[in-house]
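In: Give me coordinates for this.
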Amino acid sequence: MNKNVVLIVWLVFFSFQLFPQEVRDSINIPEEQKLYEKALKFLDSLKYSEAESLLTDALKKNKKYIPAIMKLGYIKLKTKDLKSSEKYFKTALKYDISQWEALKYLGKIYYENKKYPESKKMLDSAYHYESQDPELLYFRAQLMVAGKAYKEALQPLNEALDIKPDYMEALILKAEISYHIKQFNECIKSITQAIDKMPANKKDYSAYKLRAKAYFEIGKFKNSISDFNVYLEANPTDEEALILRASSKINTNDFASAITDLDEAIKINPKNPVSYNYRGAAKGGLNKFKDALQDLDYAIQLKFDYASAYINRAAVKYAIKDRRGACKDLEKADALGDSMAYQLIQEYCKGMQ
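Out: Modelled structure (predicted):
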């Protein structure tokens, strides 16, 4: 037998040795597993309805097939059907109490339903089984924030970020916490990291608003305006953002543009004294004193104990040479506990009867 014949014989031998085994392996895969694996491909493409149909079929083959139960619970959670999601995860736990991901997602469901004690119980139980899951650590931090335990929430968040440094949701939550505890520079740092990781077609515009507010707090008004511009392009009817952008513009002496923002805010809510106070200040900046007084009078009419409006009205009155009227407004602001009013009285109102 020549070498070529020998080679062919060996190839034929191995094909008969291997191919039948592959066929047997394929035949021995449970039908529910085949359906599950097909469903995973649809899940990877976020085709939830197609995946759900296959997973449902898998459970018809084996009602205790936990991987399918878990994925159905996950799909229902992602599609905001919390009631159905809860049912699936409880079913998974009935068949296997150690399914820590079921405990984790039940904790998330209870959190979304504001059932905080139940959420804590589930998340703590999940943590007992798995303490290094970044999503679980994030959920625990969320729950702490709901209870206003801001500083305590930083520990699980930092642990989550140590494990997964590009965890965008954790970075945003850390920024929110930093804002609440007045660590504005840390807030800006975290939110900037999150924004840098955002896909261009999936911007979280609320992150820009948060960073704009933090910039405002540290007096970086041009940065604040820039971020509010991005946010308001997507959310043009956000009254708070319009007012804060207007305030930033006032602080950069862009009074006319500030008035435009405040006009829009007043259309949204005609009874907010803050809008009239800021618009009065902006009109004063343009030397439109009569119009400024009208806005400031109305702000005080809406909120009689509005110290800032009294101070702004005092500034306008002082500009039109009504020194006595200005000092009376400053005295009212001082009585309301405004420290700036006291300083202004010492400077401008000494000697007044």
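
In: count of residues packed around residue 128?
Out: 11 (other CB atoms under 10 Å). C-beta: built from backbone N, CA, C; applies to glycine.

In: which helices and strands sit right next to the helix or strand encompassing it?
Out: Using DSSP states H and E, residue 128 sits within helix 116-129. Helix 116-129 is packed against helix 100-112, helix 134-146, with contacts defined by 3 or more CB pairs under 8 Å, 6 or more residues apart in numbering; DSSP states H and E.

In: How far does it sit from its chain's centre?
Out: Taking CA atoms, centre = their mean, to the nearest Å, one finds the center of helix 116-129 at 22 Å from the center of the full chain.

In: CA atoms of that helix as PDB?
Out: Only the C-alpha atoms of helix 116-129 are listed here, as PDB (Å, rounded to 0.1, in the frame of the first residue of the first chain):
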ATOM      1  CA  TYR A 116     -37.100  49.500  50.400                       C
ATOM      2  CA  PRO A 117     -37.100  47.100  53.300                       C
ATOM      3  CA  GLU A 118     -37.800  44.200  51.000                       C
ATOM      4  CA  SER A 119     -35.200  45.500  48.500                       C
ATOM      5  CA  LYS A 120     -32.600  45.600  51.200                       C
ATOM      6  CA  LYS A 121     -33.400  42.000  52.300                       C
ATOM      7  CA  MET A 122     -33.000  40.700  48.800                       C
ATOM      8  CA  LEU A 123     -29.800  42.600  48.000                       C
ATOM      9  CA  ASP A 124     -28.200  41.600  51.300                       C
ATOM     10  CA  SER A 125     -29.000  38.000  50.600                       C
ATOM     11  CA  ALA A 126     -27.500  38.200  47.100                       C
ATOM     12  CA  TYR A 127     -24.400  39.900  48.600                       C
ATOM     13  CA  HIS A 128     -24.000  36.900  50.900                       C
ATOM     14  CA  TYR A 129     -23.500  34.700  47.900                       C
END
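
In: residues near residue 73, how many?
Out: Neighbours around residue 73, by other CB under 10 Å: 27.

In: same thing with residue 182?
Out: Counted by other CB under 10 Å, the residues lying close to residue 182 total 10.

In: any idea which element the spatially closest residue to residue 76 that is not a sequence neighbour lies in?
Out: Nearest-residue entry for residue 76: residue 85, 3.6 Å, with adjacent residues in sequence omitted and distances by CB to CB, 6 or more residues apart in numbering. Assigned by DSSP H and E, residue 85 belongs to helix 82-95.

In: ok, now residue 317?
Out: For residue 317, the enclosing helix or strand under DSSP H and E is helix 307-319.

In: Give me the mean pLDDT for that helix.
Out: Mean pLDDT, helix 307-319: 97.

In: can you check stretch 123-137 too?
Out: 97.
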